[in-house]
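# kindly return the folded structure for what I paste below:
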Amino acid sequence: MSNSLEPDPAGKFQIGDYIFADLHCTREPFWICKIEEIQKQPNSDVQIKVKLFFRRRHVSEDLLVIADKYTDSFLHNEDFDWDLAEEPSYNPDYVKLHYKLLQRNLFVSKENVIISADMIRGKCYVFLLTMVDSPWMS
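Predicted coordinates for the structure are as follows:
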């Protein structure tokens, strides 16, 4: 097992990197995945075990209600300097950021899949709003 792979001249992919992957060759957007393992096969092919992240469209409404509560509590954190004279939800910056967070929300899954290196379309960055520390996530 190797730690890195160079499918494109622009850079290396390593365990722990977040990537765009074309899993279904459809009109769907690329999947966002986290590289868990990289294995070079005897025939020189490279197989990558990735953890999938789901977009809002893939998640049930019940879970979205819970996720939206976390998004709201994240935005009401004291690290943001909202104008306290008004309710943050009326602040245009708040509304803009809230909308962006909802559009870019990802949900980590327990699902791991094996993909070939040629399905990788590039690196991406994933920032965690909250660290999920549950036994089922391991």
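
# contact partners of stretch 39-52?
Residues from elsewhere that reach stretch 39-52, judged by C-beta atoms under 8 Å, 6 or more residues apart in numbering: 1-2, 5, 7, 13, 19, 21, 31-38, 108-109, 111-117, 120. Yep, even glycine has a C-beta here, placed from its N, CA and C like the rest.

# buried residues in that stretch, which are they?
46, 48, 49, 50, 51, 52 (16 or more other C-beta atoms under 10 Å).

# bridge partners for the first one, pull those for me.
Residues found in beta-bridge contact with residue 46 (criterion: DSSP bridges) are residue 40.

# the last one now?
Beta bridges link residue 52 to residue 33 when assigned by DSSP bridges.

# I'd like the buried residues of stretch 39-52 as CSV, with distance to residue 64 and pLDDT appended.
Converted to CSV, the buried residues of stretch 39-52 look like this (distance: C-beta to C-beta, whole Å; pLDDT from 0 to 100):
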residue, distance to residue 64, pLDDT
46, 36, 88
48, 29, 93
49, 28, 95
50, 24, 95
51, 20, 94
52, 18, 92
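
# okay, now the unreliable bits of this structure?
Low-confidence segments of the chain, defined by pLDDT under 70: 1-11, 25-26, 74-90, 129-138.

# kind regards, and thank you for your time.
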